[in-house]
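Visitor: Coordinates for the following, if possible.
(chains A and B)
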Protein chains: 2
Amino acid sequence: MDYNRFPKGVPWVRYHGNYKDLNISIVCPGKDAALGVDCVGTVSASILTFASIQALTPDLIINAGTAGGFKAKGACIGDVFIASDLAFHDRRIPIPVFDLYGVGNRRACPTPNILNKLNLKVGKLSTGDSLDMSPHDESAIIANDATVKDMEGAAIAYVADLLKVPAIFIKAVTDIVDGDKPTAEEFLQNLAAVAAALDVAVTDVVDYINGKSLSEL
Amino acid sequence: MDYNRFPKGVPWVRYHGNYKDLNISIVCPGKDAALGVDCVGTVSASILTFASIQALTPDLIINAGTAGGFKAKGACIGDVFIASDLAFHDRRIPIPVFDLYGVGNRRACPTPNILNKLNLKVGKLSTGDSLDMSPHDESAIIANDATVKDMEGAAIAYVADLLKVPAIFIKAVTDIVDGDKPTAEEFLQNLAAVAAALDVAVTDVVDYINGKSLSEL
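Guide: Okay, here's the model as predicted:
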């Protein structure tokens, strides 16, 4: 571990090393110093992404994490999705053009060959800072045509796009948002098993990326 | 203007110079390159705050901006508030302790003498990424005991606290959230006049700060 490249005081964690022909840094937002819980959400993800790009100048960002899935759009617990498009569902600004800024649509780096070779699903990802889903969120998620819902993706996509770093998003489904179980309970119940599935998928993606250029993904 | 200290590609604007005994940088998120609208909201504010602290190592941050006010809590159009406390109202995470992380309560740098000397109101500020207010937002704003509502404050407070930089928040009321006019319309109607009031108040605060230490504010 090497914290030297991040400012003093942040709880962020960085693991790094060489794997095959790749130089990989894994950065995590870490745990809130006062509360001890993981620093989830868009604010923490934004500044970590910004600082990591500045410190590490990556060729590619992979945002790997868990997500809620919509069974109406074909998502099941344990599915691993690659996001084709990302948007926010909790930034409602009803002034012309500002409304589009709020939604903040971004396209992920295209990965047609990864999708063909590996057994991953593809879908649109919608991001918001709440684990639950209010009626307003639900309308916006439907408008975003999202299959999966997370709490960081679109913010990371915004920062990556701002600094012109390609990014791909791998999201494993821990809970069914349009199902009958409470999200928080289902999330905690499935987290360990789904994290293991995510681990396998990310390793497969990294193995596929090794030795290739972006245009071959 | 000097953009050299910010990374390439960001729309952020920095004005800087000496005023009395102070070295002041004014940083603004600027306009979205694709859409041309101001980069409002917590994601943009977070990374700009982070980058500005890293580049400029300020002794004090002043976040000046507009806000919605609640007449039930004594706010009127054109009032200028200093925020005593800040919290988020759109980060609902119904898991113990994560719920507190989501709300993200922070205290602003105390400024009892500024409040005594200048004719400013004091109140709690609640932050969210939407200009409108959903019923879920409203409940959370009431729980936050907020008098004013903005789209950046609590995110700036989070980043400033993380990097241990004192911050104060000056918010001028452009619209009454619990009134009968549509927020977007009222906001646009009052923006110019209220920005002028904010300008006067921020100048008064800066004049008061000049020559003093933090503990004298």
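Visitor: Am I right that residue A:16 sits in a helix?
Guide: No: checked against DSSP: H, G, I helix; E, B strand; the rest coil, residue A:16 lies outside a helix; its state is strand.
Visitor: give me the number of residues near it?
Guide: Applying the criterion other C-beta atoms under 10 Å in any protein chain shown, we find 14 residues in the vicinity of residue A:16. (Glycine included, C-beta is placed from N, CA and C.)
Visitor: Which helix runs longest in chain A?
Guide: In chain A, taking DSSP state H as the definition, the longest helix is helix A:183-209.
Visitor: Can you report phi and psi for residue A:41?
Guide: The phi/psi pair for residue A:41 (degrees, to the nearest 10) reads phi 100, psi 170.
Visitor: Tell me if I'm right that residue A:22 and residue A:206 touch.
Guide: Yes: taking contacts as C-beta atoms under 8 Å, residue A:22 lies within contact range of residue A:206: 6.9 Å.
Visitor: number of nearby residues for residue A:157?
Guide: Residue A:157 - counted by other C-beta under 10 Å - has 29 other residues nearby.
Visitor: okay but it is in contact with residue A:166, surely?
Guide: No: with contact defined as C-beta under 8 Å, residue A:157 does not reach residue A:166; the gap is 10.5 Å.
Visitor: follow-up on the earlier one: indicate whether the longest helix of chain A makes contact with chain B.
Guide: Yes: using C-beta under 8 Å from any C-beta of the partner chain, helix A:183-209 reaches chain B at A:183, A:184, A:187, A:188.
Visitor: again, but for stretch A:162-182
Guide: Yes: Stretch A:162-182 lies within reach of chain B by C-beta under 8 Å from any C-beta, at A:162, A:163, A:164.
Visitor: Buried ones from these, can you make that a PyMOL selection?
Guide: If you want just the buried ones from those in PyMOL, going by 16 or more other C-beta atoms under 10 Å in any protein chain shown, the selection is:
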select buried, chain A and resi 162+163
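Visitor: any weak-confidence spans in chain A?
Guide: A:1-4 (pLDDT under 70).
Visitor: how about the most centrally placed residue in chain A, what does it touch?
Guide: Centroid-nearest residue in chain A, with C-alpha atoms, centre = their mean: residue A:153, separated by 3.8 Å. Neighbouring residues of residue A:153 by C-beta atoms under 8 Å, 6 or more residues apart in numbering or on different chains: A:63, A:65, A:67, A:83, A:86, A:125, A:127, A:169, A:171.
Visitor: quick one, strands of chain A?
Guide: A:13-19, A:22-28, A:61-69, A:80-88, A:106-107, A:121-127, A:148-150, A:167-176 (DSSP state E).
Visitor: Count the residues that sit near the residue nearest to residue A:132 when sequence neighbours are not counted.
Guide: Spatially, and ignoring its direct neighbours in sequence, residue A:132 is nearest to residue B:92 (5.3 Å; C-beta to C-beta, 6 or more residues apart in numbering or on different chains). Residue B:92: 23 surrounding residues under other C-beta under 10 Å.
Visitor: My understanding was that residue B:92 contacts residue A:128; is that so?
Guide: No: using C-beta under 8 Å, residue B:92 is not in contact with residue A:128, being 9.3 Å away.
Visitor: count of neighbours near residue A:94?
Guide: For residue A:94, the neighbour count with other C-beta under 10 Å is 14.
Visitor: which ones are touching it?
Guide: With contact taken as C-beta under 8 Å, 6+ apart, residue A:94 is in contact with B:131, B:132, B:183, B:184.
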